[in-house]
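1. I'll drop the sequence and a predicted model, then ask my questions.
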Amino acid sequence: MEIVKFFRTRQAPVAPEETIAVIAFMEAADESRRQGGAEVSVADTLARARRAVAARLDRVTPVAAP
């Protein structure tokens, strides 16, 4: 029901930061698995993701308003 509401209203049922935190947790778990079960910090994974996004945004050329 929440996803239908989201598509109709464009209001996410969950805060963006909460969504990002869940994705960072899943990525940290995947990285741990790739490293044979080594401990991986969710905070470090989240910080790396934010740096990667910032770098990508820096390369984006703004589009002029019509």
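-> All right, it came through fine.

2. going forward, measure contacts and count neighbours with C-alpha atoms only.
-> Will do.

3. The residue nearest to the spatial centre of the chain and residue 46, how far apart?
-> In the chain, the centroid-proximal residue (CA atoms, centre = their mean) is residue 20; its distance is 3.8 Å. Counting by CA to CA, to the nearest Å, the separation of residue 20 from residue 46 is 8 Å.

4. tell me the contacts of the residue nearest to the centre of the chain?
-> Counting by CA atoms under 8 Å, 6 or more residues apart in numbering, residue 20 makes contact with residue 46.

5. what about it, distance to residue 50?
-> Per CA to CA, residue 20 is found 10 Å from residue 50.

6. and if you look at residue 33?
-> Taking CA to CA, one finds residue 33 at 22 Å from residue 50.

7. For the lowest-mean-pLDDT helix or strand in the chain, which residues meet the burial criterion?
-> Lowest mean confidence among the helices and strands of the chain (mean pLDDT, DSSP states H and E): helix 42-59, at a mean of 88. Of the residues in helix 42-59, 42, 45, 46, 49 count as buried by neighbour count, 16 or more other CA atoms under 10 Å.
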